[in-house]
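Q: Sequence plus predicted model, see below.
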Amino acid sequence: MNQSFIYVFLLLSIFFSKTIYTHDLPKVTAVLPRNGKLEKIEKASGISNWANIGEIYVEVSGKVEEILVEEGENVSKGQALFHLSFDKEEVHKKLSELEISKKKIHIDIEKINQNIKQIQEKIDGLKSEVFNQEKAEIKKEEENLQKLKILYQAGAISQEELSNIQYNLQKLYNTLAAKKEEHSKQLKAYQAELKSFNQDIKSKELDLKDLSIQEQTYLDILSKYEENKTIYAPQDATIISIPIKSGQKINENQLMMSFGVGTEYEIKCNVSLSNNFITVGDICELSNASYRVEGTVKKITPIENMKQITINFQSKENVMGETFDVLFQKESEKSYILVPNGAIHQDHEGYYLYQIKQRDGIMGKEYYVEKSKVYIGDSDDTNTVIVKGVNYFDPIAYLSDKPISEGVTVKVENEEDFLAN
């Protein structure tokens, strides 16, 4: 009986001692590194606008007599938009100005053609230059050299006399080479000048063509004066803005209306400059209280400390001016060794995590943490890629109710999931 009591007492003592010992230990949750893919998520917002916007400009100065439509209204091709009145005298004035401009251009073209003729004559003159005089002098001096060589070999003249004639011949060679080089430079300069003049002619001809188009426009206005008093919708559209008012005087080329065309819209939103997973062609989700649609990334433009993402989407309803929440979500193409972000620590030596190890302690087997240096890669909101430093079989400390450090004994809350006794 006494022995049984002692045995039970010892068991209880060991149990309570171990309980007291482990009570104050840091309690950690262990996880295993896993193979998986990153889930990149980025949220933004933006206001929708038409992807295709058209504009109507007035062709000649006049006055807005009546505006027949309102902003936000859907219009059909051929529908009347404005009643205008034009000053015929203003049209005739514009035609006179165009005629003067055309005459000036014709004078400029005539002057350029004269310059072209002069340059071409200079080019032809240079091309006909064959340096006959220089070549004749060289030939004569070469013949003299041959004769003097015979005399030198016979001992009739000195080495100095022979060297002098060789020196003179070399000077003639150098002179001819220099003249040919200068001739080539001058020819290239004239040819470049000729090319420039020909480009000027083409430019002036384009100016003439542009003036003729403008002239025809004003002639059409005069010939169809009554028709031009009404401006019609060029296509089915939704009116975005009308920056003019009834009774207002309008100037040539002044904007009268902008309108959205079709069912394609675009949203521009900003994301962080460090974002490297959003690419052109990606699909994203656009949503607000009334709509949920998919959009396609069309363009990415770096701006001040941000990236501007242009997204296009389709909608049969008019969603101009709607604010949308934008969700970009993308899975990495490759799989990596991943650990939770909370398991990664950093000090002056770099990144590290705590691996959970087992050892013999005063109360038997116990767990402790061992600092392990790691090299990290990319990350998402949940996990970080481990490039080097761990494998799939070493449990690591993820959560702890107290600060932990190298060698500290810990209590593993979920040891049955990873660690065998």
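A: In hand now; what should we look at? A quick note: this is a predicted structure, and the numbers were derived from the prediction, not measured.

Q: Distance check, Lys102 against Phe277.
A: Between Lys102 and Phe277 the distance is 58 Å, computed by CB to CB, to the nearest Å. (Each C-beta comes from the backbone N, C-alpha and C, glycine too.)

Q: Lys180 too?
A: Counting by CB to CB, the gap from Lys180 to Phe277 is 63 Å.

Q: Look at the two and report which has more neighbours.
A: Higher neighbour count among Lys180 and Phe277: Phe277, with 17 against 13, using other CB atoms under 10 Å.

Q: is it true that the more buried one touches Glu39?
A: No: using CB atoms under 8 Å, Phe277 is not in contact with Glu39, being 10.2 Å away.

Q: Pull up the overlap in contacts between those two.
A: Both Phe277 and Glu39 are in contact with 330, 332, where contact means CB atoms under 8 Å, 6 or more residues apart in numbering.

Q: how far away is Phe328 from Glu415?
A: Counting by CB to CB, the gap from Phe328 to Glu415 is 39 Å.

Q: the more surrounded of these two?
A: Between Phe328 and Glu415, Phe328 has the larger neighbour count (other CB under 10 Å), namely 22 against 16.

Q: what's the more buried one sitting at in phi/psi?
A: phi -100, psi 120 (degrees, to the nearest 10).

Q: now swap in Val297 and tell me
A: When read as degrees, to the nearest 10, the backbone of Val297 gives phi -70, psi 120.

Q: same check, this time on Asp401
A: phi -80, psi -10.

Q: Spatially nearest residue to it (excluding sequence neighbours)?
A: In space, not counting the residues next to it along the chain, Asp401 is nearest to Lys27; the distance is 4.8 Å by CB to CB, 6 or more residues apart in numbering.

Q: Could you give the average pLDDT over the helix or strand where Ile150 lies?
A: Using DSSP states H and E, Ile150 maps to helix 132-153. Confidence for helix 132-153, expressed as mean pLDDT, is 90.

Q: which other residues reach it?
A: 157-159, 161-162, 165-166, 168-169, 172-173, 175-176, 179.

Q: Show me what counts as buried in it.
A: 134, 137-138, 141, 148, 152 (16 or more other CB atoms under 10 Å).

Q: can you check stretch 113-125 too?
A: Buried, per 16+ other CB under 10 Å, within stretch 113-125: 116, 119, 123.

Q: I figured the first one was touching Asn198, is that so?
A: Yes: with contacts defined as CB under 8 Å, Ile116 counts as touching Asn198 at a distance of 7.0 Å.

Q: Model confidence score at Tyr218, please.
A: 82.

Q: Adjust the sequence numbering to begin at 19 for everything that follows.
A: From this message on, residue numbering opens at 19, which makes the last subject Tyr236.

Q: in a strand, that's where it is, yeah?
A: No: Tyr236: not assigned to a strand; according to DSSP: H, G, I helix; E, B strand; the rest coil it is helix.

Q: And the helices in the stretch 119-268 of the chain, which stretches?
A: Taking DSSP state H, counting those that start in this stretch, the helices of the stretch 119-268 of the chain run over residues 150-171, 177-241.

Q: what residues go with each domain of this structure?
A: Domain assignment for the chain by automatic domain parsing gives 39-56+353-436, 73-105+252-277, 108-240.

Q: Those into CSV, with extra columns for distance to Ile329?
A: Shown next, in CSV, are those (distance: least, CB to CB, whole Å):
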stretch, distance to Ile329
domain 39-56+353-436, 21
domain 73-105+252-277, 19
domain 108-240, 38
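
Q: Could you say which one of the ones you listed comes nearest to Val289?
A: Nearest to Val289, of all the domains of the chain, is domain 39-56+353-436, at 14.2 Å by CB to CB.

Q: How far off centre is that closest one?
A: 42 Å (CA atoms, centre = their mean, to the nearest Å).

Q: Pro320 contacts Leu291, correct?
A: Yes: with contact defined as CB under 8 Å, Pro320 counts as touching Leu291 (7.0 Å).
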